[in-house]
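Need the 3D shape of this:
(3 chains)
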Amino acid sequence: VSLQLAAIVQALGGELHGDGTLTIEGLAPLESASPDDLSFLANPRYRQQLETTRAGCVIVAPAMREPAEARGACIVADDPYLYFARVTQLWKKTLPVPAGPAIHPSAVVDPEADIAEGVRIGPLCVVERGARIGRDTELKGRVFVGADCVIGDRCILHAGVVIGADGFGFAPRPGGAGWEKIEQLGAVRIGDDVEIGANTCIDRGALADTVIEDGVKLDNLVQVAHNVRIGRNTAVAACTGIAGSAVIGANCMIGGAARIQGHISIADGTFVSTGTFISRTIHKPGMYTGVFPMDDNASWEKNAAALKQLHSLRDRIKALEKKS
Amino acid sequence: VSLQLAAIVQALGGELHGDGTLTIEGLAPLESASPDDLSFLANPRYRQQLETTRAGCVIVAPAMREPAEARGACIVADDPYLYFARVTQLWKKTLPVPAGPAIHPSAVVDPEADIAEGVRIGPLCVVERGARIGRDTELKGRVFVGADCVIGDRCILHAGVVIGADGFGFAPRPGGAGWEKIEQLGAVRIGDDVEIGANTCIDRGALADTVIEDGVKLDNLVQVAHNVRIGRNTAVAACTGIAGSAVIGANCMIGGAARIQGHISIADGTFVSTGTFISRTIHKPGMYTGVFPMDDNASWEKNAAALKQLHSLRDRIKALEKKS
Amino acid sequence: VSLQLAAIVQALGGELHGDGTLTIEGLAPLESASPDDLSFLANPRYRQQLETTRAGCVIVAPAMREPAEARGACIVADDPYLYFARVTQLWKKTLPVPAGPAIHPSAVVDPEADIAEGVRIGPLCVVERGARIGRDTELKGRVFVGADCVIGDRCILHAGVVIGADGFGFAPRPGGAGWEKIEQLGAVRIGDDVEIGANTCIDRGALADTVIEDGVKLDNLVQVAHNVRIGRNTAVAACTGIAGSAVIGANCMIGGAARIQGHISIADGTFVSTGTFISRTIHKPGMYTGVFPMDDNASWEKNAAALKQLHSLRDRIKALEKKS
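Coordinates of the predicted model:
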């Protein structure tokens, strides 16, 4: 594949400085780009890489135009990272990928499922009865969409995703005689423009539905329990678990391997750090963290031992303060 | 779907107060129930919701009979939550679901697998040679059951479950020359009435078998390593990892994203909190916790920094105590 | 299956003391072995089990030869654990497993994928166009290998593995208008002799490839994000998440449920403890830990509460020191 700079600017806008007939053979970061590559400078902190990169052309913000032009071709765009994202999309469209069938013959799609136009369903997917898949949504190979679950338009579900398995609901029988299953009678409703990573699970609701709003992005191996609601454009990194009936606001960023307690809510625009357990409702947006700082093992052992006496250490400080 | 109150009480017992011909169109929590819905009050703490709910009928404990009757129809049952669980089951049975084939034609079931009566195997499952699936057990779509693994009666395995992949066993070769595979010669034995959540993995044993006893409930994305044993009726929430040869007692509740050390044991009836790492054998049942408390990020940073000096803080307190 | 001791020593070397015609019917740990079983003593700490085991034959190190011989047949080998690993391999080869087709007819293998000799592809796998699978590599059932990904020779990929789903890459649109997808144009390159556990995910790179070097062993439910590199012979236990562009050295051991920050690197030969979050680059090999020590819940609550004031406790100690 190759693209001329002029064709890129024609498709995506931006201000080209340099030779429009220059042909780009690949996309690469500044430090490893070759003269055939297009690169980008999104963070002014890495400005000095402009001087050393061998990239054939660099996407830069208006403020970087001068140093960029001094070294060769550049495309000036208001938001170089966003522009770069759109170049990756243009690049992918240019790749000569054979179309293949819209619904792979090995997929098992129930005749009572409702599949909109433009949907692509990859090999070995299962779509059960009553499920609805919106326009131009793509299910990669080996995706499972359970009965009556609804997926919006332009979604991407990666391999191994499971939508609409039963939520984890059981009532204890008296006398330790085990558990009585609570049938999960709700479904899963997923909005438009949602992307869901490999092997991620979203359970169906117990009575009402589990809801994923428009624009949500879930990474791989994420667990979304029954009756959770995730607000518009929130992004959740890999290995995170969200317990039942939690309500996560819009435009949140949830770090990897975070755990969200059940039946709590999180304000719009909240950041949760990697590995943090959110144990109560968050009313005030901000960044929340709770992870044990790593250390060499010997230091950790000493501090962890002291931590188990922390409460009494506090008492000893109090006692000293009284005396002094 | 709709059910008359009289039909519910006839099927499940309980004491109906009110009009038996009243028709229920759905199940819902007290706060969102409409006059066509059946609801329940399991926890006396939410008693005041009785006064405001619009539910057509409420399942209550004997102690709540009076206030419940005062507002309309009610079913009195000893354990309203358990009763509600059974209503969900009755409801599901009433749904007009087409039966479909017992073994979906797209499933790959080895002719040397032993499939009992009443088993249902969903689309795109794999059941390898020598595996045994007990009566009335259901494998939803895309379940994998490896060679020689045994599943009991009335189990439910959700989409993406992997039973009987190899345990993680390697012997180091001398001189850093990598790893020698230890073939995993055991299998997995799962009892009756076990439910296993989406994308959960249970590895086969190295020499002996990995064992899941009757009535165990595993949520989604749980990892059960080789030679683990999980006791009767224990429930394990999502994203938990159980390392090799751990022995978990009966009637335990293991919170989400917990980690259980290998080669330890946990007493019957133990509760493990979300995100807790159980690092040693637990002899005494109780509730065990070990998770860093969340905080706003700035506070966390200050406390985490101090935590790395905690051992020396303890020494400084000692020194002060000696002086004072 | 059964094997004579003489046949084992002939195949694997080692020094047999005892009757070579003795027939072994199984492999078992010392404590549960019966007289028909072969066992091994790898750790001198368990030496006293030699006296009580009923095993028909025991694999021991040269230093243990005398006490082992005193109780019956033994095989003396320099590294009894490694020898035992090879016995499991010999055992497995002896099992009468029907061969089955090299590529199961239910697998969906693109005609433009490149499948080397000796490859085995199990039921319901997907191998997309441009993917390459090296000699004698085995894909168990329900494995997904995405377009253009490369798997080396003699690898084992367990059920549910997803290689080459899109990395998690999005550029924010201005004004909170959601996310623009960054197409993931790289692939995944996996070396030789790599084993990958059930439901583990390795994402394709954004521009360059995600790389797993020779001899790496990944357990179940591991997440490897885009552009990660994992060095030769490193082993990663279950439920671990490795964020984008992290570089892990060779011969590392990463404990279960660990989390590795993105864009950092870890020195060769580093040990990471279970549940530890590696938040910064590690230059010096060693063992690193960061996990909250478990406690009974009441003690944890008190210490966790004090932990949230730790910074101020440090200040109070300082104040006391000034006074004293």
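
CA atoms for contacts and neighbours, from now on please.
Will do.

for chain A, which spans come out with low pLDDT?
Nowhere does chain A drop to pLDDT under 70.

can you map out the helices along it?
Assigned helices in chain A, in chain order: A:5-12, A:49-52, A:65-71, A:80-94, A:297-307, A:310-323 (criterion: DSSP state H).

Let's have those helices in TSV, adding mean neighbour count and distance to C:Ile75.
As requested, the helices of chain A are exported to TSV (neighbours: other C-alpha atoms under 10 Å in any protein chain shown; distance: least, C-alpha to C-alpha, whole Å):
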stretch	mean neighbour count	distance to C:Ile75
helix A:5-12	16	70
helix A:49-52	15	62
helix A:65-71	16	71
helix A:80-94	19	60
helix A:297-307	19	38
helix A:310-323	16	53
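
and B:Arg142, which of the ones you listed is closest to it?
helix A:80-94 (30.2 Å; C-alpha to C-alpha).

starting at the chain centroid, how far to the closest one?
18 Å (C-alpha atoms, centre = their mean, to the nearest Å).

for it, packing partners?
On a contact count with 3 or more C-alpha pairs under 8 Å, 6 or more residues apart in numbering or on different chains; DSSP states H and E, helix A:80-94 meets helix A:5-12, strand A:37-40, strand A:57-60, strand C:170-172, strand C:179-181.

now the ones you listed as JSON lines including distance to chain B?
Formatted as JSON lines, these follow (distance: least, C-alpha to the nearest C-alpha, whole Å):
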{"stretch": "helix A:5-12", "distance to chain B": "39"}
{"stretch": "strand A:37-40", "distance to chain B": "31"}
{"stretch": "strand A:57-60", "distance to chain B": "32"}
{"stretch": "strand C:170-172", "distance to chain B": "23"}
{"stretch": "strand C:179-181", "distance to chain B": "25"}
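
Take those and write them to JSON lines, including distance to B:Leu12.
Below are the helices and strands packed on helix A:80-94 laid out as JSON lines (distance: least, C-alpha to C-alpha, whole Å):
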{"stretch": "helix A:5-12", "distance to B:Leu12": "65"}
{"stretch": "strand A:37-40", "distance to B:Leu12": "67"}
{"stretch": "strand A:57-60", "distance to B:Leu12": "69"}
{"stretch": "strand C:170-172", "distance to B:Leu12": "52"}
{"stretch": "strand C:179-181", "distance to B:Leu12": "50"}
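
Just tell me which of the ones you listed ends up closest to A:Thr88.
Per C-alpha to C-alpha, nearest to A:Thr88 of these: strand C:179-181, 8.5 Å.

is that closest one up against chain A anywhere?
Yes: contact of strand C:179-181 with chain A (C-alpha under 8 Å from any C-alpha of the partner chain) involves C:Trp179, C:Glu180, C:Lys181.

what lines up beside that strand in the sheet?
Here strand C:179-181 is paired, per DSSP bridges, with strand C:170-172 (antiparallel).

centre of the chain versus the strand it pairs with, how much separation?
Its chain's C-alpha centre lies 33 Å from the corresponding centre of strand C:170-172 when counted by C-alpha atoms, centre = their mean.

what's next to that strand, contact-wise?
For strand C:170-172, the external contacting residues (C-alpha atoms under 8 Å, 6 or more residues apart in numbering or on different chains) are A:Tyr81, A:Leu82, A:Ala85, C:Gly178, C:Trp179, C:Glu180, C:Lys181, C:Ile182.

which one among those gets closest to C:Ile115?
Nearest to C:Ile115, judged by C-alpha to C-alpha, of those is C:Ile182 at 29.9 Å.

which residues touch the residue nearest to that closest one when sequence neighbours are not counted?
Setting aside the residues directly before and after it, C:Ile182 is nearest to A:Ala85 in space (C-alpha to C-alpha, 6 or more residues apart in numbering or on different chains), at 4.5 Å. Shown in contact with A:Ala85 (C-alpha under 8 Å, 6+ apart): C:Phe170, C:Ala171, C:Glu180, C:Lys181, C:Ile182, C:Glu183.

ok, now how distant is A:Ala85 from A:Leu22?
20 Å (C-alpha to C-alpha, to the nearest Å).

show me what contacts whatever residue of the stretch 101-250 of chain A ends up closest to chain B?
Residue of the stretch 101-250 of chain A nearest chain B, by C-alpha to the nearest C-alpha: A:Ile182 (4.5 Å). Neighbour list for A:Ile182: A:Gly169, A:Phe170, A:Ala171, A:Ala206, B:Phe84, B:Ala85, B:Arg86, B:Thr88, B:Gln89 [criterion: C-alpha under 8 Å, 6+ apart].

No further queries at this time; thank you.
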